[in-house]
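# next input, structure requested:
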Amino acid sequence: MSTRIAFLKGHGTQNDFVIVPDPDNTVDLPATAVAKLCDRRAGIGGDGLLHVVRSAAHPEARGMAEEAEWFMDYRNADGSIAEMCGNGVRVFARYLQRAGHVEEGDLAVATRGGVKRVHIAKADAHGEGDVTVAMGRATLPAEQATVTVGERSWPALNVNMGNPHAVAFVDDLEHAGTLYSAPPTTPATVYPDGVNVEFVVDRGPGHVAMRVHERGSGETRSCGTGACAVAVAAARRDGADPAGTGTPVTYRVDLPGGTLVITEQPDGGIEMTGPAVIVAEGEIASEWFENGIG
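Next up, the predicted model:
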């Protein structure tokens with residue numbers, strides 16, 4: 001392992017990440033190391049970790065290398081591997097721009113959920129600009145589940161965005177409870193590998209607010225794939241299906257950390273637009289990293 005391990009810290013609507021640039025895939029990141037880095041008291045702190053690797057250098061991404069130069073090797077805060085992270089893709093793209101690997105405009109990013117198309121908007125006078133990610137299509141598996149918090153239970157729409165989501169519409173976001181632990185879903189067979197659970201309330205036409213428990217991370221300030229799943233669930237609940245009408249449907253989704261704009265196109269493609277910010281960079285103490293992950 002290199003004795004110099006660079007890192008950055010970034011966030012997308014306050015869904016924050018430790019970023020480890022490693023183009024040649026030389027930094028060993030076992031689950032214990034990731035959990036240590038994401039620890040908010042003993043480490044750098046984050047909802048997850050973005051391991052930045054060239055696709056050709058990573059065994060899971062080599063098949064996507066001709067289409068996307070860079071692979072987002074995403075890890076949850078507990079060190080577990082995740083298929084996708086929508087806010088993470090935006091922050092990943094912002095890092096690539098900051099590092100000079102890409103410019104504003106269009107690019108492709110390889111993820112375990114497939115290749116994602118990204119557009120980096122031109123920065124404004126404050127050096128800020130939104131990033132739009134083509135998140136792919138949602139699937140709505142036939143199996144449904146029930147979400148329970150305390151004595152309350154709700155039916156949840158099963159939406160898959162490359163990772164699984166259970167979307168429950170509630171009267172009050174406080175009904176979600178503390179979200180310190182994963183809300184139980186039944187039957188357990190619907191989500192055998194765990195699930196991200198979203199609690200949603202209406203704010204107005206085409207406008208909802210949500211809280212989310214992300215599997216492996218607990219409650220987070222924002223979840224990009226979760227916002228997409230919520231928009232699709234809200235559209236179907238409201239009787240809107242762009243594939244049938246030929247008209248795009250857009251929802252504003254408020255999260256504790258900010259707002260995302262989600263558009264579902266007639267071809268089923270879902271676009272997510274929101275901010276992505278790099279807030280710090282530095283170097284991980286190699287002695288701490290190597291001695292403190294056991």
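
# helix, strand or coil for the nearest residue to D172 once chain neighbours are set aside?
Nearest non-adjacent residue to D172, counting by C-beta to C-beta, 6 or more residues apart in numbering: V201, 6.7 Å away. Every residue, glycine included, has its C-beta placed from N, CA and C. Following DSSP: H, G, I helix; E, B strand; the rest coil, the label given to V201 is strand.

# return the residues in contact with V201.
Residues near V201 by C-beta atoms under 8 Å, 6 or more residues apart in numbering: 169-173, 208-210.

# same thing with T250?
206, 261-264.

# test my guess that A57 contacts E69.
No. The pair A57 / E69 is not scored as a contact, 10.4 Å apart, by C-beta atoms under 8 Å.

# those two - which one has more neighbours?
Set A57 next to E69 and count neighbours by other C-beta atoms under 10 Å: E69 wins out with 19 against 15.

# so how far is D39 from that one?
Distance, E69 to D39, by C-beta to C-beta, to the nearest Å: 31 Å.

# could you count how many residues lie near E174?
Using other C-beta under 10 Å, E174 has 10 neighbouring residues.

# so is it in a helix, a strand, or just coil?
helix.

# let me know the pLDDT of it.
Looking at E174, its pLDDT is 97.

# repeat that for A123.
75.

# and I262, by the same measure?
Per-residue confidence (pLDDT) for I262: 98.

# wait, a strand at it?
Yes. Counting by three-state DSSP, I262 is found in a strand.

# burial check on it, number of neighbours?
For I262, using other C-beta under 10 Å, the count is 27.

# give me every residue that touches the residue lying closest to it once chain neighbours are set aside.
Among residues not flanking I262 along the chain, A231 sits closest, at 3.7 Å (C-beta to C-beta, 6+ apart). Counting by C-beta under 8 Å, 6+ apart, A231 touches 208, 249, 251, 253, 262, 264, 270.

# tell me the one among the residues you listed nearest to A138.
Ranked by distance to A138 (C-beta to C-beta), the contacts of A231 are led by I270 at 6.2 Å.

# from what I can see that closest one touches E264, true?
Yes. In this structure, I270 is within contact of E264 by C-beta under 8 Å, at 5.1 Å.

# any residues in contact with both of these two?
138, 231-232.

# for stretch 9-27, measure first residue to last.
17 Å (C-alpha to C-alpha, to the nearest Å).
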